[in-house]
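S.K.: Here is a sequence with its predicted model. Questions after.
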Amino acid sequence: MAADHPSPPSAEEATVYTVSRLNHEARGLLEASFPLLWVEGELSNVSRPASGHLYFSLKDERAQVRCAMFRGRNRLLRFEPEGGMHVRLRAQVSLYTARGDFQLIVEHVEEAGEGALQRAFEELKRKLAAEGLFADEIKRPLPALPRRIGIITSPTGAAIRDVLTTLGRRFPGLPVVLYPVPVQGKEAAPAIARALETANQRAECDVLILTRGGGSLEDLWSFNEPELARAIRASDLPVVVGVGHEVDVTIADHAADLRAPTPTGAAERVAPDRQVLNRRLATARQRLERAGERRLQDRAQRLDQTRRRLVHPGRRLRELRQRNMDDRLRLARALQRNLALHRQRLTGLTTRLQRAGPAVRLPREQTRIDQLRTRLVRAVRHEALPRRRQRLQGMARQLEAVSPLGTLARGYAIARRDGQILRRADQAAVGAAVNVQLGQGSLDCRVEGKREE
């Protein structure tokens, strides 16, 4: 028996796709399934036909994918793509329906790693920071409640809608002035600088918002131009910059008085929340009312105390007279006590002066001098003088014992030749003149002979 298999559908029952329809729906599925994404790889097969579009392949060690970058996008490239370059690109996954080729529609290309634009951004940031354009001390404060807000942006972009929606939600009725400018391309930076100058000349706003939606570093490059940074710092009005998404940071963000992460964030920074202000106002009103009530109560209580302290002038005068009489009596008593104290002190000083005066001390001192004189004479005559005489005699005997004159008196002599004392026979030759000093007198002699042993 044959197996019971379902029969295949007939040509009328099956859905039959044309190649064009198949490729078209496949492209739709691809583009819907993948958002804008970043892809990194190596360039190859780079070609730029007369149409101005850029075609190339992006490959790694194991695969490659075709890429197309249309003329409107590749005009913004700041380097010339060449085969072998390692790049990072932002693209949309798609399908070329005419040939059924899987491909990437490229919006932005930068050199991989830091990237050429990123390097240019960092170099420009360091240069302008060295000029002092980013210093915190030159930042202008924002008004707490602006009377009118100026918005510098594209009139057709999503940023202006976000800003106006946020302003209407936070503070409905707040006047807004739009300064329309392009926010991308070579003409954007000069146009924004002119708009800043115009807003300052008109002086119709209290604060300016410079904003645009998100994009690649290349899309936002107009906000990295040095002329725009200098125009922001030259503005007399404070400038809030809200460009792209929170991760997008430009030179204009650094130069601004305040950087907001998004256009919505810029509007929130500038416009106060009316509901919050109303709550604060209600709280302040309540505090003011309570403070007024407390002040009135304090004043009433002080008035009652003042009334209780209020005294009739006649009674007050009598009290003052009585106080004056009491003060006089206390003063008189104090003067009497003070006078008696000083009189007693003066008497004591007079007595001490009399006891220590010259008339009393002079006889006593004279007696003392006489006693000292008697003691001095007695000491000199009976004690010191004999003792000194005895000591002098002893010293004279000692001197006489060691004196050479005593030796000469005992029969010795001193021989000299030319003033030098002779101690050995070899100090004088035969026939030499020699002076011999005796105990009494001296002899001039001549050597007739000598013995040296």
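M.R.: Here it is on my side, so go on.
S.K.: Quick check: closest non-adjacent residue to Pro49.
M.R.: Tyr55 (7.5 Å; C-beta to C-beta, 6 or more residues apart in numbering). No exception for glycine: its C-beta is placed from N, CA and C like everyone else's.
S.K.: Over to Leu89. Which of the three states is it?
M.R.: strand (DSSP: H, G, I helix; E, B strand; the rest coil).
S.K.: For it, the count of nearby residues, please.
M.R.: 23 (other C-beta atoms under 10 Å).
S.K.: returning to what we had before: now do the residue nearest to Pro49, the pLDDT please.
M.R.: Note on Tyr55: pLDDT of 95.
S.K.: Start at 58, not 1
M.R.: Happy to do that; since the first residue is 58 now, the last one works out to Tyr112.
S.K.: Make sure it is indeed in a strand.
M.R.: Yes: secondary structure assignment places Tyr112 in a strand (three-state DSSP).
S.K.: doesn't Pro237 make contact with Ala245?
M.R.: No: in this structure, Ala245 is not within contact of Pro237 by C-beta atoms under 8 Å, at 11.8 Å.
S.K.: So which of these two has more stuff around it?
M.R.: Taking neighbours as other C-beta under 10 Å, Ala245 and Pro237 compare with Ala245 leading, 20 against 14.
S.K.: Show the contacting residues for the more buried one.
M.R.: Val238, Pro239, Ser279 (C-beta atoms under 8 Å, 6 or more residues apart in numbering).
S.K.: thought the second one was touching Pro212?
M.R.: No: because the distance of 10.2 Å does not satisfy C-beta under 8 Å, Pro239 is recorded as not touching Pro212.
S.K.: So for these two, which sits in the more crowded spot?
M.R.: Pro239 (17 against 10).
S.K.: Can you classify that one by secondary structure?
M.R.: Going by three-state DSSP: Pro239 is coil.
S.K.: Next, work out how far apart it and Arg287 are.
M.R.: 19 Å (C-beta to C-beta, to the nearest Å).
S.K.: cool, and Glu376?
M.R.: 81 Å.
S.K.: So those two - more neighbours on which side?
M.R.: Neighbours were counted for Glu376 and for Arg287 using other C-beta under 10 Å; Arg287 has more, 15 against 11.
S.K.: Now that one. Its backbone dihedrals?
M.R.: phi -70, psi -30 (degrees, to the nearest 10).
S.K.: quick one: what helix or strand has the closest residue to it other than its chain neighbours in it?
M.R.: Spatial nearest neighbour of Arg287, excluding adjacent residues (C-beta to C-beta, 6+ apart): Leu190 at 6.9 Å. Here Leu190 sits in a region with no helix or strand, counting by DSSP states H and E.
S.K.: wait, Leu274 sits on Glu168?
M.R.: No: look at Leu274 against Glu168 with C-beta under 8 Å: they stay out of range, at 11.4 Å.
S.K.: Looking at these two, which is more packed in?
M.R.: Higher neighbour count among Leu274 and Glu168: Leu274, with 20 against 17, using other C-beta under 10 Å.
S.K.: Show me what the longest helix along the chain is packed against.
M.R.: Across the chain, the longest stretch assigned as helix under DSSP state H is helix 370-412. Packed against helix 370-412, as judged by 3 or more C-beta pairs under 8 Å, 6 or more residues apart in numbering; DSSP states H and E, are no other helices or strands.
S.K.: Now the element after it, going C-ward?
M.R.: Next along the chain from helix 370-412, counting by DSSP H and E, comes helix 415-436.
S.K.: what does that following helix contact?
M.R.: Gln411.
S.K.: buried stuff in that helix?
M.R.: When neighbours are counted by 16 or more other C-beta atoms under 10 Å, no buried residue of helix 415-436 is found.
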